[in-house]
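S.K.: here you go, sequence then predicted model.
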Amino acid sequence: MSTRDNGQRIGFLHPGAMGVSLAASARNTGYAVCWVSEGRSAATRERADSIQMTEFQSLGELCDACEGLVSVCPPHAASAMAAEVRACGFQGLYADVNAISPQRSRDIGQEMASAGIRYVDGGIIGGPAWKPGTTWLHLCGPEAEEVASWFSEGPLETRVMGEDIGRASALKMCFAAQTKGSTALLCSILAAADGLGVREELEQQWGEYDPDQAPRSHRRMTGVTAKAWRFAGEMEEIADTLESAGLPGGFHEASAEVYRRMSSFKEEEDRPELDDVIQALLNPSSGSSPS
């Protein structure tokens with residue numbers, strides 16, 4: 001990892017699995033990458049320390065020290081995170097790269113502008129950015145090129161989509177509507193087939209077309225559980241996005257409920273058993289409360 005330092009600081013709110021990978025690309029590019037330790041977990045500290053992020057004790061200290069901030073948090077927390085930054089008197093460049101609807105991004109952008117904060121809308125497609133050609137950060141807004149320059153040495157890829165706030169979020173929403181939405185549908189289908197006593201027959205019929213479809217479906221279903229708590233909010237943002245375009249959002253509202261029913265697996269280090277996931281979907285009241 002590069003040890004260059006251009007003297008500029010970028011803060012990341014917060015270094016989760018995705019956030020720390022973005023911070024790593026910024027550090028590769030020569031920025032000092034920073035985080036707030038107040039109220040964060042031991043796992044967050046471990047991630048931050050793994051790429052030598054600079055620690056600040058409070059958000060106010062971070063806002064005073066950094067020229068730019070990148071918000072990488074669960075969708076439901078995006079607006080509150082931006083409000084906390086405004087309350088701290090931050091006056092730099094703020095990039096919201098969360099999985100939120102275009103309208104929510106525009107609303108946050110207007111609120112930031114009213115507080116004298118420059119704003120860029122972003123949308124991440126792909127998993128944590130540790131390998132070239134696997135993760136793309138789409139950006140839009142008058143300052144999008146500047147945010148893209150924070151990550152120019154990769155491995156995160158950046159693509160600037162022009163100056164209209166909301167376009168990057170719109171792309172993210174449409175992309176995730178298919179990828180994560182179809183996974184939620186698959187989870188519902190397998191659980192329904194099990195509950196109706198026809199799962200074996202369904203998987204046998206799948207195998208007539210594609211021998212790998214059943215095991216592939218099992219892997220998708222158990223592999224999504226760790227992030228299901230986060231995807232629930234994303235599905236709600238997608239529903240709002242579709243409705244704003246004049247399309248029904250009900251499918252993704254239902255997908256949010258599917259992910260909520262799997263949210264009790266959040267803290268598990270290993271993949272759960274398929275039968276346990278099915279039972280969580282069929283009997284949501286018997287599982288742990290969503291986190």
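M.R.: Nice, thanks for sending it over. As the structure is a prediction and not an experimental result, all values here were calculated from the model. Numbering: from 1, shown residues only.
S.K.: buried set for the helix or strand Asp64 falls within?
M.R.: Using DSSP states H and E, Asp64 falls within helix 59-65. Of the residues in helix 59-65, 59-63 count as buried by neighbour count, 16 or more other CB atoms under 10 Å. (Each C-beta comes from the backbone N, C-alpha and C, glycine too.)
S.K.: from those, pick the one nearest Met221.
M.R.: Leu59 (37.4 Å; CB to CB).
S.K.: ok, now which ones touch that closest one?
M.R.: Contacts for Leu59 (CB atoms under 8 Å, 6 or more residues apart in numbering) come out as 13, 36, 38, 84-85, 88.
S.K.: pull the most distant pair out of these.
M.R.: So, the contacts of Leu59 by CB to CB: farthest apart are Glu38 and Val85, at 14.1 Å.
S.K.: on that earlier part again, and of the buried residues of helix 59-65, the nearest to Ala26?
M.R.: Leu62 (14.3 Å).
S.K.: the contacts of Leu59 in helices, which ones?
M.R.: Mapping these onto helices (DSSP state H) picks out 84-85.
S.K.: from the opening residue of stretch 241-259 to its closing one, how far?
M.R.: Its start and end residues considered, stretch 241-259 measures 18 Å (CA to CA, to the nearest Å).
S.K.: need the residues that contact that stretch.
M.R.: In contact with stretch 241-259 (CB under 8 Å, 6+ apart) are residues 101-103, 169-170, 173-174, 177, 180-181, 184-185, 187-188, 224, 228-229, 231-233, 235-236, 238-240, 281.
S.K.: residues of it that come out buried?
M.R.: 241-243, 249, 251-253, 255-256, 258-259.
S.K.: quick one: mean pLDDT for that stretch?
M.R.: Stretch 241-259 shows a mean pLDDT of 98.
S.K.: next one: it to chain centre, how far?
M.R.: 17 Å (CA atoms, centre = their mean, to the nearest Å).
S.K.: next: stretch 173-184.
M.R.: 13 Å.
S.K.: cool, stretch 264-284 as well?
M.R.: 21 Å.
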